[in-house]
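Q: Pasting a predicted model and its sequence here:
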Amino acid sequence: MTNRTPKTFQVKSFGCQMNVYDGERMAELLESEGLAAASDGNAADLVVLNTCHIREKATEKVYSEIGRLKRPDGSRPMVAVAGCVAQAEGDEIARRAGVDVVVGPQAYHNLPQLVADAAAGRRALDTDMPAASKFGALPARRRQGASAFLTVQEGCDKFCTYCVVPYTRGAEVSRPWTAILDEAKALIDAGARELTLLGQNVNAWTGADEKGRDQGLDGLIRALDALPGLARIRYTTSHPNDMTDGLIRAHAEVGKLMPYLHLPVQSGSDRILKAMNRSHDSASYLAILERVRAARPDIAISGDFITGFPGETDEDFEATLRIVTQVNYAQAFSFKYSPRPGTPAADMEAQVPAEVMDERLQRLQALLNAQQQAFNQASVGRRTAILLEREGRKPGQKVGKTPWLQSVHLETNAAIGDMVEVELISAGPNSLAGAQLVKEAA
Ligand code: 5AD
Ligand code: SF4
């Protein structure tokens, strides 16, 4: 047990964007308690491992991370395990040597107290999912770049049979309208030009506006659109069933809403979608995309796929390749099915052999990569606005994003956070090169 109150910290986040957001908020919380950020985990007094449990050997990964934190002199930092592994396997993790604090994703506002408990040699575990939201107990937003995440919704009630999220993040909860708008304004004041609204089911967000009228995500997006200083709005991740007419219309009407939609389908086989409890089929998914594309013809579509779900036959997999061909994705994420303890699919018969999963994943990824490359290639020659987000690898170079979420590197004197007009001049699979059209005055 580390018996010393930490003065410096590092937060290491794994997994989804919501974990990145939670990691930032934990960092802000620790800073508000007087701790200073350290750039190197081994030098920090406290390391927070903000973990992901969505797939594969997540727990083993946490243990190997902890092992790596041992310093040459045998000492080690205080270690806090946060995130979804902490939620799912809290008691077991708390018993492991080298772990001082265990804190779940709905309890991290208590991190300073837990750290104090651990420093005093007391047991420090909190995986409660309290009715009152943690957000009210967190300090105001401070740390930010040009593009910021803003969690508006958490948890999931959909219970896809492969997924741990409903168990680790809990039931679907929408943050209140005013809390979101206040946080958005604070982020914009801190320099954010782009906001990405986050939620496991972000398009299921509901709430009442300041006049008490019921609103959906589209209403929230329209309210954000009116905020001065904000240039771009994105949202992720959406479920096909919550893709309302209003949200689709927003893609046609809201100037700051970017032409990009992450809408996972998971499989192209209706039999597998049913076994996954996805509550949509391939035809209804395609029909939604048709309406979205009618509203915003240039929209870039992205998705998630799982290969080797229990019972998936060659024919089912061919249906997945077919839907990918029909949709033509600009970007996509694909994974081998990973049985998650406690989920219905983990107990299903007919688990698919690993080598079959591997082979299917490779074929799927080859197709998706080719589509992404073609999408990028088709952008060459296009003139568009880039939001500069960070320094590039070479001196004088900066990296930013197109409206379609492609990374672009270019030579420019403009500052991070500036919007610059470029012509896209060449494309690789993962990024493009741009040339600035109007140079800033020196
Ligand atoms: N195995 C493989 N992939 C999964 N995902 C969620 N659970 C699993 C699992 N058990 C994928 C889905 C989801 C993305 C975030 O992770 O594609 O959309
Ligand atoms: Fe998991 Fe399905 Fe909920 Fe997405 S919609 S978080 S895949 S249960």
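A: Structure's in. What do you need? Ligands and ions are numbered 1, 2, ... in the order given.

Q: Residues of the stretch 201-350 of the chain that sit close to ligand 2?
A: On the criterion CB under 6 Å from any ligand atom, ligand 2 has as its neighbours in the stretch 201-350 of the chain the residues 201, 239. The way it works is simple: take the backbone N, C-alpha and C, and place the C-beta from them, glycine included.

Q: List the contacts of the closest residue to Asn430 other than its chain neighbours.
A: Closest residue in space to Asn430, ignoring its immediate chain neighbours: Ser407 at 6.8 Å, by CB to CB, 6 or more residues apart in numbering. For Ser407, the residues meeting the contact criterion (CB atoms under 8 Å, 6 or more residues apart in numbering) are 399-401, 430-432.

Q: right, and the helix or strand after the worst-scoring helix or strand of the chain on mean pLDDT?
A: Least confident element among the helices and strands of the chain, by mean pLDDT, DSSP states H and E: helix 58-68 (a mean of 87). Toward the C-terminus, helix 58-68 is succeeded by strand 78-82 as the next helix or strand (DSSP states H and E).

Q: Go ahead and confirm His251 touches Leu257.
A: Yes. His251 is in contact with Leu257 according to CB atoms under 8 Å; the separation is 6.1 Å.

Q: What is the end-to-end distance of stretch 89-107?
A: With CA to CA, to the nearest Å as the measure, stretch 89-107 spans 15 Å from end to end.

Q: so, in contact with ligand 2 or not, it?
A: No. Applying CB under 6 Å from any ligand atom, one finds that stretch 89-107 is not in contact with ligand 2, the shortest distance being 12.9 Å.

Q: buried sites along that stretch?
A: By neighbour count with 16 or more other CB atoms under 10 Å, stretch 89-107 contains the buried residues 89-90, 93-94, 98-107.

Q: before we move on, what about stretch 307-318?
A: Taking 16+ other CB under 10 Å as the neighbour-count basis, stretch 307-318 is seen to contain the buried residues 307-312, 316-317.

Q: Could you do stretch 338-347 as well?
A: Neighbour counts over stretch 338-347 (16+ other CB under 10 Å) mark 338, 340, 343-346 as buried.

Q: what two of the residues you listed are the furthest from one another?
A: Checked with CB to CB, the buried residues of stretch 338-347 reach their widest spread between Ser338 and Pro344, with 14.2 Å between them.

Q: Narrow the buried residues of stretch 307-318 to those in helices?
A: Mapping these onto helices (DSSP state H) picks out 316-317.

Q: out of the buried residues of stretch 307-318, who's nearest Ser269?
A: For Ser269, the nearest member of those is Asp316. The distance, counting by CB to CB, is 3.7 Å.

Q: Pull the contacting residues for that closest one.
A: Neighbouring residues of Asp316 by CB under 8 Å, 6+ apart: 267-269, 271-272.

Q: hmm, which two among the residues you listed are most spread apart?
A: Across those, no pair lies farther apart than Gly268 and Arg271, at 10.4 Å, counting by CB to CB.

Q: My guess is Phe309 contacts Pro339. True?
A: No. Between Phe309 and Pro339 there is no contact under CB under 8 Å: 10.1 Å.

Q: quick one on the thing from earlier: okay, the buried residues of stretch 338-347 in CSV with secondary structure next?
A: Rendered in CSV, the data for the buried residues of stretch 338-347 read as follows (DSSP: H, G, I helix; E, B strand; the rest coil):
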residue, secondary structure
Ser338, coil
Arg340, coil
Thr343, coil
Pro344, helix
Ala345, helix
Ala346, helix
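
Q: helix, strand or coil for the residue in the stretch 301-442 of the chain positioned nearest to ligand 2?
A: Nearest residue of the stretch 301-442 of the chain to ligand 2, counting by CB to the nearest ligand atom: Asp304, 7.8 Å away. Asp304 falls in the strand class when you classify it by three-state DSSP.

Q: Nearest residue to it in space, please, no chain neighbours.
A: Nearest one to Asp304, counting by CB to CB, 6+ apart, is Pro264 at 3.6 Å.

Q: Which positions in the top helix by length along the chain come out as buried?
A: The helix of greatest length in the chain, counted in residues with DSSP H as the criterion, is given as helix 354-379. When burial is assessed from 16+ other CB under 10 Å, helix 354-379 yields the following buried residues: 356-357, 360-361, 364-365, 367-368, 371-372, 375-376, 379.

Q: go on, stretch 122-142?
A: By neighbour count with 16+ other CB under 10 Å, stretch 122-142 contains the buried residues 124-127, 129, 134, 138, 141.

Q: And for stretch 63-82?
A: Neighbour-count burial for stretch 63-82, with 16+ other CB under 10 Å as criterion, is recorded at 63, 65-66, 69, 76-82.

Q: from the residues you listed, which is closest to Arg232?
A: Set against Arg232, the nearest of those by CB to CB is Ala82 (29.2 Å).

Q: residues touching the closest one, list them.
A: Under the criterion of CB under 8 Å, 6+ apart, the contact partners of Ala82 comprise 22, 26, 48-51, 102-105, 108, 111.

Q: now swap in Pro105 and tell me
A: Under the criterion of CB under 8 Å, 6+ apart, the contact list for Pro105 reads 22, 82-84, 86-87, 154, 168-169.

Q: Please apply the same query to Thr206.
A: 174, 214-216.

Q: if you set the cut-off to 6 Å instead, what comes out?
A: Taking CB atoms under 6 Å, 6 or more residues apart in numbering, we find Thr206 in contact with 174, 216.

Q: separation between it and Leu247?
A: As for Thr206, its distance to Leu247 is 12 Å (criterion: CB to CB, to the nearest Å).

Q: would you turn the buried residues of stretch 307-318 into a markdown table with distance to Glu194 and pLDDT?
A: Output for those, formatted as a markdown table (distance: CB to CB, whole Å; pLDDT from 0 to 100):
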| residue | distance to Glu194 | pLDDT |
| --- | --- | --- |
| Thr307 | 32 | 97 |
| Gly308 | 36 | 97 |
| Phe309 | 35 | 98 |
| Pro310 | 39 | 98 |
| Gly311 | 41 | 97 |
| Glu312 | 38 | 98 |
| Asp316 | 38 | 98 |
| Phe317 | 37 | 98 |
